[in-house]
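Undergrad: coordinates only, sequence not included:
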């Protein structure tokens, strides 16, 4: 079994890159791999709690929480979050906040890295 | 003097479409025009209070507040905001939240409409 | 008593950005705008899919099954149920080798009487001339 | 004692998306990553600007004056101050008719000893071969 | 119609501009659109500059990108204040691609 | 190197894929990239399918767009579970364009 580090910089609603990332993380965890998940830039939107579940909009809060109980480590870029007005008290419980070096440290011993840099 | 309605759907940090919109609104207000400003989709990020001012990131909260004292009407799409976990209590004071028909009503008697639909 | 006509032009494919869906939801909002207006005043919305935007109209989108998300297809059907004019550019369908069988043409199952109009780009251009304001997505 | 090498490739112009700037800030984070690692372990970051990404390197960007925002230019200078390797694709500069005079080449005013390396794409490709992981922006 | 088209990107993913018809057409380069007003590729100016239109580029966006002095002679440089006048006085409909 | 390139867009604004060299190259169509695996324009398949590579397309993303049954014969359809195996077993470096 390997370790996959996913970095995603895309917004919660729109490109569906976060939907993709979360589904990939889920499939990898199902197969027994370890998954670290880093969100930076607009990707930090994923870490906000209290996303209202409308069927017209991507809603990932519930899935991410479930994956965290199955071992997913999810971390948001703290500065990217704060610049957008996302504070610790708005963050999903268990979703970590660190500076960018956390991502690189996760990559250090990752077997595979999927970095999704754009919108 | 005329009325300009600007709609912007782009995220706070990144494309700089919101920076553009806010500067255009400011220039129009300086010239005595009335400006209505609608943010929807990722554009609703503009309405969040407590954006931390880093020089590395677009920071528009202060400017928007100043423009509101000069007559700018700013309104965010309520559903788009809620889907992202942006609630009334996170919203900049004076920044309105309505459904999408507000935008169309503003356009009804606008002389010019600049609709910025993408990221 | 005045009418402001709007043209909503969708030029990008679905699911990569939120904007084709927001085009549809904002156009639909023309049906409830009167609460803000004086009696008799109204806003109309015409919708046109052009370029890669016609890919929004392909049938059998399974967004709900795969991602728990309303499909753009079902938003188009909602638009038809509310009697909005929906145009699809014929030249762009032809370019992709798509026929009327491949795309959403009606929402008869929900009682919609209006159908999608597949028209040459020149007619969409005419619509753009006739409206008061344009909103490109 | 192990080293993981990363290649950061910037292929898009500045200011349209946040990602060229995030490439630089994330690459810079390689300098502080040790706090998470065992003694002697490290992560290195090489940066390369290719395609329209070379537009990030044009000098005299006035982002602070116009938008109150740190320029991508100044982020490149920070990167040089931290001794990271920064490559710029020569063929892409040539395509735009840009010379070394037009782009950020050093940060001597801040005491940086490292300079930008203008190299053929083949060298960037070699770097991509040599690193352990690639991060495209 | 009197149509002003805002071009905000360098590489566009849509070809809509080629199909738009207007009696009076203005093309306003803003954000990364200003690269069209300044950069040549293999010696060639942007194909957009061959269109029959009046061209404008936003000075603040040129300066932000280090392009202040490089604008093609066919393009008029305006600032935000000039843009407001252009919008209200010269054009009726505005399109952001 | 063994390189898997994720193509997530239909109209790309970068030409990087043309320049990447790898001993073993996989092109994985995801998100709107799946249009490359399915749509023809004026009768022509996507130029990407002419490259010397192994091609994959994500079934969930095909189905989401109503393209379930239209995939080009050169493209292998995989689901998320298959994608995980591909990533870990067939390729070493992953690039998302």
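TA: It's in. If you're wondering where the values come from, they're calculated on a predicted model, not measured in any experiment. Numbering: from 1, shown residues only, chains lettered A, B, ... in the order given.

Undergrad: skip the chain neighbours and tell me the closest residue to residue C:2.
TA: Once flanking residues are discounted, residue C:2 sits nearest to residue C:41: 5.3 Å by C-beta to C-beta, 6 or more residues apart in numbering or on different chains. C-betas here are computed from N, CA, C, even on glycine.

Undergrad: ramachandran coordinates for that neighbour?
TA: Dihedral angles of residue C:41 (phi, psi; degrees, to the nearest 10) stand at phi -80, psi 150.

Undergrad: residue contacts, residue A:45?
TA: A:11, A:12, A:13, A:18, A:39, A:84, A:86, B:84, B:85 (C-beta atoms under 8 Å, 6 or more residues apart in numbering or on different chains).

Undergrad: do you know the pLDDT at it?
TA: With respect to pLDDT, residue A:45 scores 97.

Undergrad: same check on the one 10 residues further on?
TA: What the model reports as pLDDT for residue A:55 is 90.

Undergrad: and it, which of the three is it?
TA: coil (DSSP: H, G, I helix; E, B strand; the rest coil).

Undergrad: not counting sequence-adjacent ones, nearest residue to it?
TA: The nearest residue in space to residue A:55 (C-beta to C-beta, 6+ apart) is residue C:70, at 4.9 Å.

Undergrad: now do the helices in the chain.
TA: Assuming you mean chain A. A:17-30, A:61-69, A:78-83, A:101-108 (DSSP state H).

Undergrad: meant chain C actually
TA: C:19-28, C:63-67, C:72-81, C:90-95, C:121-130.

Undergrad: what are the phi and psi angles of the residue nearest to residue A:55?
TA: Main-chain dihedrals, residue C:70, degrees, to the nearest 10: phi -50, psi 130.

Undergrad: local confidence estimate at it?
TA: 96.

Undergrad: thinking again about what came up before, distance of the residue nearest to residue C:2 relative to chain E?
TA: As defined by C-beta to the nearest C-beta, to the nearest Å, residue C:41 lies at a distance of 20 Å from chain E.

Undergrad: ok, that residue to residue B:38 distance?
TA: 19 Å (C-beta to C-beta, to the nearest Å).

Undergrad: these two: who's more crowded?
TA: Per other C-beta atoms under 10 Å in any protein chain shown, whichever of residue C:41 and residue B:38 has more neighbours is residue B:38, with 28 against 16.

Undergrad: for that one, what are its contacts?
TA: So residue B:38 contacts B:5, B:6, B:7, B:8, B:75, B:76, B:77, B:102, B:103, B:106 (C-beta under 8 Å, 6+ apart).

Undergrad: closest one of the residues you listed to chain D?
TA: residue B:8 (14.9 Å; C-beta to the nearest C-beta).

Undergrad: how deep is the closest one tucked in, by neighbour count?
TA: Counted with other C-beta under 10 Å, the neighbours of residue B:8 add up to 28.

Undergrad: next: residue C:5.
TA: By other C-beta under 10 Å, the residues close to residue C:5 number 15.

Undergrad: so what's it bridging to?
TA: With DSSP bridges as the criterion, residue C:5 is bridged to residue C:44.

Undergrad: quick revisit: please identify the most buried of the helices of chain C.
TA: Highest mean neighbour count of the helices of chain C: helix C:19-28, a mean of 26 (counted as mean count of other C-beta atoms under 10 Å in any protein chain shown).

Undergrad: helices or strands next to it in the packing?
TA: If you count contacts as 3 or more C-beta pairs under 8 Å, 6 or more residues apart in numbering or on different chains; DSSP states H and E, helix C:19-28 packs onto strand C:3-10, strand C:42-49, helix C:72-81.

Undergrad: now do the last one: everything it contacts.
TA: Right, the one you point to is helix C:72-81. A:56, C:14-15, C:20-21, C:24-25, C:27-28, C:47, C:56-61, C:63-64, C:86, C:104, C:106-107, C:110-112, C:114-116, F:66.

Undergrad: turn the buried ones among the residues you listed into a named PyMOL selection, would you?
TA: Here is the PyMOL command that selects the buried residues among these (16 or more other C-beta atoms under 10 Å in any protein chain shown):
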select buried, (chain A and resi 56) or (chain C and resi 14+15+20+21+24+25+27+28+47+56+57+58+61+63+86+104+107+112+116) or (chain F and resi 66)
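
Undergrad: burial measure for the closest residue to residue A:77 other than its chain neighbours, as a count.
TA: Using C-beta to C-beta, 6+ apart and skipping residues adjacent in sequence, the residue nearest residue A:77 is residue A:40, 3.9 Å away. For residue A:40, the neighbour count with other C-beta under 10 Å is 26.

Undergrad: quick one, grab the pLDDT at residue A:40.
TA: 97.

Undergrad: pretty sure residue C:136 is touching residue E:20, no?
TA: No. Counting by C-beta atoms under 8 Å, residue C:136 stays clear of residue E:20, with 9.9 Å between them.

Undergrad: common neighbours of those two, please.
TA: Common neighbours of residue C:136 and residue E:20 (criterion: C-beta under 8 Å, 6+ apart): residue E:95.

Undergrad: re the thing from before, wait, isn't the residue nearest to residue C:2 in contact with residue B:105?
TA: No. If you go by C-beta under 8 Å, residue C:41 and residue B:105 don't touch, sitting 9.2 Å apart.

Undergrad: coming back round to it: the residue nearest to residue A:55 contacts residue C:63, correct?
TA: Yes. Here residue C:70 lies in contact with residue C:63, judged by C-beta under 8 Å, at a distance of 6.7 Å.

Undergrad: pull up the residues of chain E that are close to chain D.
TA: E:8-11, E:31-32, E:35, E:39-43, E:60-61, E:63-68 (C-beta under 8 Å from any C-beta of the partner chain).

Undergrad: report how many residues lie close to the residue in chain A that chain E sits nearest to.
TA: Proximity of chain A to chain E (C-beta to the nearest C-beta) peaks at residue A:119, 12.1 Å away. By the measure other C-beta under 10 Å, the count of residues near residue A:119 is 26.

Undergrad: give me the distance between it and residue F:15.
TA: Distance of residue A:119 to residue F:15, computed by C-beta to C-beta: 19 Å.

Undergrad: same thing with residue E:86?
TA: Residue E:86 is 34 Å from residue F:15, by C-beta to C-beta.

Undergrad: of the two, which one has the most company?
TA: Shown here are residue E:86 and residue F:15; by other C-beta under 10 Å, residue E:86 has more neighbours (18 against 13).

Undergrad: host element of the more buried one?
TA: helix E:80-89 (DSSP states H and E).

Undergrad: average pLDDT for that helix?
TA: pLDDT averaged over helix E:80-89 gives 98.

Undergrad: any residue of that helix touching chain C?
TA: No. Shown here: helix E:80-89 not in contact with chain C (C-beta under 8 Å from any C-beta), separated by at least 12.4 Å.

Undergrad: state the number of residues packed around residue 51.
TA: No chain in the question, so chain A it is. Residues near residue A:51, counting by other C-beta under 10 Å: 23.

Undergrad: was after chain C, sorry
TA: Residue C:51, neighbours per other C-beta under 10 Å, totals 22.

Undergrad: what about the residue lying closest to it once chain neighbours are set aside, distance to chain F?
TA: Leaving aside its chain neighbours, residue C:51 sits nearest to residue C:11 (4.6 Å; criterion: C-beta to C-beta, 6+ apart). Computed as C-beta to the nearest C-beta, the residue C:11 to chain F distance reads 11 Å.

Undergrad: contacting residues for residue C:11?
TA: Going by C-beta under 8 Å, 6+ apart, the list of residues near residue C:11 reads C:50, C:51, C:52, C:53, C:136, C:137, E:14, E:16, E:97.

Undergrad: looking at those residues, which is nearest chain A?
TA: residue C:137 (12.2 Å).

Undergrad: buried ones in stretch E:59-77?
TA: Residues of stretch E:59-77 classed as buried under the neighbour-count rule (16+ other C-beta under 10 Å) are E:59-67, E:70-72, E:75, E:77.
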